[in-house]
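Undergrad: structure for the following, please:
(2 chains)
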Amino acid sequence: MKFGRRDDRRRQGVVLSMSSMIDCTFLLLAFFLFTTAATRPEDRLTPNLAIDRDRERGSGSDFQPQVVEVFRSEDGPRFRLGTRLFADKPSLAAALRELPRDPGLFVRVEGSVNVAFAAAAVQAARDAGFDTVTYVPASP
Amino acid sequence: MTPMIDIVFQLLIFFLTTARLADLSRIRLDLPEEPGERRTATERAGLVVNVDADGSIVVGQATISFDELESMAVEVLRQASDGALPQPLIRADRNADASVLNEVLRRLQRSGFLAVRIGTMPLVSMLPTRAPHGGAPR
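TA: Numbering: from 1, shown residues only, chains lettered A, B, ... in the order given. Here you go, the predicted model:
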């Protein structure tokens, strides 16, 4: 029985050139090194859209709409929920957790604040468990 | 040779699996540092509107006006034939005035969009592998 020897003979006939494979590999490596963009991961918030007059029309419904207003006071940007003022997102989110979720929440943003505060208000609503968040751009 | 080939292949696999090819529709912006909704499902990009810190609106590589954005949005909605209403992605710099964002959203709403996606950039500490905290503007 000469099973092993027969295979060895076949193997001896095959010559695998490493150089071309390494060349290809290095080229691929260089390609991915140069085309890779160092980007940070992004996420998103998905509010519904409404304009001011829609919110005003909504006053005819059975419930009072829950509105967070984002505006700039003398002390800087603030969040207003009813008569309560908040300077940061965690305290706003804590207050929003006390509200019923079903009616949803309107976030009305004045143009005088930065985008960061608009996003923070929507994020606070999401953190508080509101599924329906409607962004209301304030009238210019 | 063998160890070197091993290392090269390891590097190659690393870059293949972690590579994020540059998306030309997204310019470099400082997005709001919020964790977002942490959705894992991928969504079709559709219309991507970039709002720069100075208030300019960039779609693709072109700076456009509000009127051009509105007509572009109408066209995107007209071409949406699969029934599902697309949600444009608004990538607004966190230092941009909300007045620009408001006007963009007003135009999109007027075009017929009912919801949008506002791009955020979670800090490393906000990523799902770690406990989310902080990051809010104070």
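
Undergrad: dihedrals phi and psi, the residue lying closest to A:Val115 once chain neighbours are set aside?
TA: Closest residue in space to A:Val115, ignoring its immediate chain neighbours: B:Ala92 at 4.5 Å, by CB to CB, 6 or more residues apart in numbering or on different chains. C-beta coordinates here come from the backbone N, C-alpha and C atoms, glycine included. Dihedral pair for B:Ala92: phi -110, psi 130, per degrees, to the nearest 10.

Undergrad: how much space between A:Ala87 and chain B?
TA: 7 Å (CB to the nearest CB, to the nearest Å).

Undergrad: any regions of chain B where pLDDT drops low?
TA: Low-confidence segments of chain B, defined by pLDDT under 70: B:19-25, B:40-45, B:81-83, B:124-138.

Undergrad: show me the contacts for A:Gly13.
TA: Listed by CB atoms under 8 Å, 6 or more residues apart in numbering or on different chains, A:Gly13 has no contact partners.

Undergrad: next one: it from chain B, what distance?
TA: On the measure of CB to the nearest CB, A:Gly13 and chain B end up 21 Å apart.

Undergrad: and for A:Asn114, the neighbour number?
TA: 22 (other CB atoms under 10 Å in any protein chain shown).

Undergrad: my bad, should have said B:Gln79
TA: So B:Gln79, with other CB under 10 Å, has 10 neighbours.

Undergrad: where's it relative to chain A, distance?
TA: 20 Å.

Undergrad: next up, phi/psi of that residue, please.
TA: Torsion angles, degrees, to the nearest 10, at B:Gln79: phi -80, psi -10.

Undergrad: one more: A:Ala138?
TA: Torsion angles, degrees, to the nearest 10, at A:Ala138: phi -70, psi 150.

Undergrad: so it makes contact with A:Arg108?
TA: Yes: counting by CB atoms under 8 Å, A:Ala138 touches A:Arg108, with 5.7 Å between them.

Undergrad: more neighbours: which of these two?
TA: Under the criterion of other CB under 10 Å, the comparison of A:Ala138 against A:Arg108 puts A:Arg108 first, with 23 against 19.
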